[in-house]
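# pasting a predicted model and its sequence here:
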Amino acid sequence: MDSDLDLRSADGTPLAARYWPATARSAGVVIVHGLRSCKENHTDFARVCRRAGLAALTLDLRGHGASGGELGPGAIDDVIAAAEALRARGHARVGLRGSSLGGFLVLLAAARSRRVACVVAICPARPEVLAERLGAEWPTQYPLTDAVATPDGIARGYWHATGDAQVPWAATWALAQATPQPRHLRIVLGGSHSSLQHTPAIQGETCDFLGRYLA
């Protein structure tokens, strides 16, 4: 049965999360929302994961939902703390799935911890776009190309919609070209910045990708 969790980030910031256990596999997925969203908005994908035999953990980033603090660079460690919470519950292999701001953060968290097996980034936000929307310069200190360029064995999958008016799909195409194998890129015609994360067909594709590298 799913249950609420109280976590702590590396700097002590209290984080709210929900754990969705599955019994078929020992693997789990951290699901990370976008800017001004919350974990409840991704219940649908958590259920997709659980039906596929993958445990899931939906997370409220700092400054969002029921978590404390304010959004800042410590959010990278929030994602890592969530991954460690899954490991503490017996899920030896962990993947990350994030959309928009969450896509930006999961790529950075994977590069920092190097303890995740795979990452799915859906319409990942660009640092300069985040900096403009937040009125803060900290995102520009974390270029995504630097985060993904080192061959480290982490499988990275990218999904982007051509109708995204916030982040050009070509930015994700270029990011994928800078990513060593194993990698996957899927550009979807139409859609919007937020549509793919809740499209059943894309949820199925991303869950299959995660399951392949978490098996």
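Happy to help now that I have it.

# now the helices for this protein?
For the chain, helices defined by DSSP state H occupy the ranges 43-51, 75-88, 101-113, 127-134, 144-148, 169-177, 200-214.

# out of the ones you listed, deepest packed?
Ranked by mean neighbour count, the helices of the chain are led by helix 101-113 with a mean of 26 (mean count of other C-beta atoms under 10 Å). Every C-beta, even on glycine, is put in place using the N, C-alpha and C of the backbone.

# okay, the angle between that helix and helix 127-134?
Angle, helix 101-113 to helix 127-134, by axes from the mean of the first three to the mean of the last three C-alpha atoms, to 10 degrees: 130 degrees.

# helix 101-113 relative to helix 169-177, how many degrees between them?
20 degrees.

# now the most centrally placed residue in the chain: how far from residue 157?
Nearest residue to the geometric centre of the chain (C-alpha atoms, centre = their mean): residue 98, 2.3 Å. Distance of residue 98 to residue 157, computed by C-beta to C-beta, to the nearest Å: 11 Å.

# mind listing the shared neighbours of these two?
Counting by C-beta atoms under 8 Å, 6 or more residues apart in numbering, the common neighbours of residue 98 and residue 157 are 119, 120, 121.

# could you dump those into JSON lines with pLDDT and neighbour count added?
JSON lines is the format used below for these (pLDDT from 0 to 100; neighbours: other C-beta atoms under 10 Å):
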{"residue": "119", "pLDDT": "98", "neighbour count": "29"}
{"residue": "120", "pLDDT": "98", "neighbour count": "32"}
{"residue": "121", "pLDDT": "98", "neighbour count": "31"}
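
# can you tell me which of those are in strands?
Judged by DSSP state E, strands contain the following of the shared contacts of residue 98 and residue 157: 119, 120, 121.

# which among those gets closest to residue 152?
residue 119 (10.9 Å; C-beta to C-beta).

# stretch 81-95: end-to-end distance?
Start and end residues of stretch 81-95 are separated by 13 Å (C-alpha to C-alpha, to the nearest Å).

# so for stretch 149-163, mean pLDDT?
Averaging pLDDT along stretch 149-163 yields 96.

# what's the end-to-end length of that stretch?
Length of stretch 149-163, first residue to last, C-alpha to C-alpha: 27 Å.

# circling back: quick one: pLDDT of the residue nearest to the centre of the chain?
On pLDDT, residue 98 comes in at 98.

# ok, it to residue 116 distance?
The gap separating residue 98 from residue 116 is 12 Å, by C-beta to C-beta.

# so what's residue 159 up against?
120, 121, 122, 123, 186, 188, 196, 202, 205, 206.

# do the same with residue 13
Counting by C-beta under 8 Å, 6+ apart, residue 13 has contacts 62, 67, 68, 69, 74, 78.

# leaving out sequence neighbours, find the closest residue to the fifth one.
To tie it back to what came earlier, the one meant is residue 74. Distance criterion C-beta to C-beta, 6 or more residues apart in numbering; nearest residue to residue 74, sequence neighbours excluded, is residue 11 at 5.4 Å.

# measure the one you found to residue 169 for me?
To residue 169, residue 11 is 34 Å away according to C-beta to C-beta.
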